[in-house]
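> how would this look folded up:
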Amino acid sequence: MKKRKKIMFHLNSLGKGGAERVVSLLANQFAAKGYTVSIATEWQEEEEYPLDERVNRIHAGLSEQEENRGRIARQWLRVKNLRKVLKREKPDLLVSFCVKANYRAMMASSLTGIPVVVSVRNDPKIDYVGRVNRLMNKLFLNRASGCVFQTEEAQEFFDDTLQKKSVIICNPLNEKYLQAKRRPAEKKIVCVGRLVKQKNQILLLKAFEELLADHPDYRLYFYGDGSTDEYKDEIFTYVRERALLKETVYFMGLSSTLETDIADAAMFVLPSLYEGMPNALMEAMALGLPVISTDCPCGGSRYWITHRENGQLVEVNNVQAMKEAMVYYIEHPLEAEKMGQRARERLKEASLDKVYQCWEEYLTGIS
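The predicted structure is shown next:
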């Protein structure tokens, strides 16, 4: 951002998701460093991440009348409305997050002279596949001034055109997780994440049910909001139909105090089918919890975890491997705590200051 001090972020909303958390942290930090910062979103959620008062929140989405239009018309109106915002606000740089916002940003910025940096936040083998997406990648993403990836695996999915002007930057941590204190472990297993199919909580339920045969005094706590699809009901039904789980599984909903709520857990488990770079896992490691994660694409968990050194990686959808990893922590509590301590040291790399410096250095070089 050579001599540029006006930066705009664009994504769908600031609801409680991983990309939204990263944008809110970065926007607040850029504002604190003297940049003029705005965030253009499509809609507002009931639960959102807090913003510094110096960050300007802009509605770039549809009006009530426009919401009644057809699907294709709504898509083009979203592009048109964002373009109006860009022309009015005249940012020096636009930074977009997630697949739809990335395409929208590239289309809206066309012929405005405003450089765009796109950011890929999930497994591209899920978000960017198919004939239409391949065409969109060539027509729009490849013309971006830059791109931020979270892992090498995600970066390697795209054309050399985009790779050559890209960078890999890990997610920033909310400092409260590095500052919080680990408490003595209780017989408590925790999982944090939205109740959606991607997070694959039923894998954990199956492994936990088997674990209870030998360790009936353990309890499983899920933190996170529900979803609009059928998977949430599938999870609840699975628990209701099993007597052992009905008495030992708890759904805690959203929490703004996770750094204290889970600080006494015996372990943290992430059973996902795929992830970008999982913030919940990073936060658990920063707290010093013994962690288990599936070794899922696109490599975010593998980026942080060295197996049996600062955590455990298990095969995706492998119930037996998941159970064995949990039992290992139960039967080796001292080693589990040592792994948690090493995880905490590893996650200092993701401090907000360090990650912000990487972003600022990269964006400064965008032409």
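> Send me stretch 329-348 as PDB with only the CA atoms.
In PDB, the C-alpha atoms belonging to stretch 329-348 read as follows (Å, rounded to 0.1, in the frame of the first residue of the first chain):
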ATOM      1  CA  TYR A 329      -4.400 -38.200  26.900                       C
ATOM      2  CA  ILE A 330      -6.600 -39.700  29.700                       C
ATOM      3  CA  GLU A 331      -4.000 -42.400  30.400                       C
ATOM      4  CA  HIS A 332      -1.000 -40.100  30.100                       C
ATOM      5  CA  PRO A 333      -2.000 -36.900  31.900                       C
ATOM      6  CA  LEU A 334       1.500 -35.600  32.500                       C
ATOM      7  CA  GLU A 335       2.500 -36.000  28.900                       C
ATOM      8  CA  ALA A 336      -0.800 -34.400  27.800                       C
ATOM      9  CA  GLU A 337       0.000 -31.300  29.900                       C
ATOM     10  CA  LYS A 338       3.500 -31.100  28.500                       C
ATOM     11  CA  MET A 339       2.000 -31.200  24.900                       C
ATOM     12  CA  GLY A 340      -0.300 -28.400  25.900                       C
ATOM     13  CA  GLN A 341       2.500 -26.300  27.200                       C
ATOM     14  CA  ARG A 342       4.400 -26.800  23.900                       C
ATOM     15  CA  ALA A 343       1.300 -25.900  22.000                       C
ATOM     16  CA  ARG A 344       1.100 -22.700  23.900                       C
ATOM     17  CA  GLU A 345       4.700 -21.800  23.000                       C
ATOM     18  CA  ARG A 346       4.000 -22.700  19.300                       C
ATOM     19  CA  LEU A 347       1.000 -20.300  19.200                       C
ATOM     20  CA  LYS A 348       3.000 -17.300  20.200                       C
END
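> now that stretch, how far from the centre of its chain.
Offset of stretch 329-348 from its chain centre (C-alpha atoms, centre = their mean, to the nearest Å): 23 Å.
> residues of that stretch that come out buried?
Within stretch 329-348, the residues that count as buried by 16 or more other C-beta atoms under 10 Å are Y329, I330, A336, E337, M339, G340, R342, A343, R344, R346, L347. In this view, the C-beta of every residue, glycine as well, is placed from N, C-alpha and C.
> just stretch 348-364 next, same as before
A350, L352, V355, Y356, W359, E360, Y362, L363.
> One more: stretch 206-217?
Buried-residue list, stretch 206-217, by 16+ other C-beta under 10 Å: K206, A207, F208, E209, E210, L211, L212.
> Can you tell me which of these lies closest to S301?
Ranked by distance to S301 (C-beta to C-beta), the buried residues of stretch 206-217 are led by A207 at 16.5 Å.
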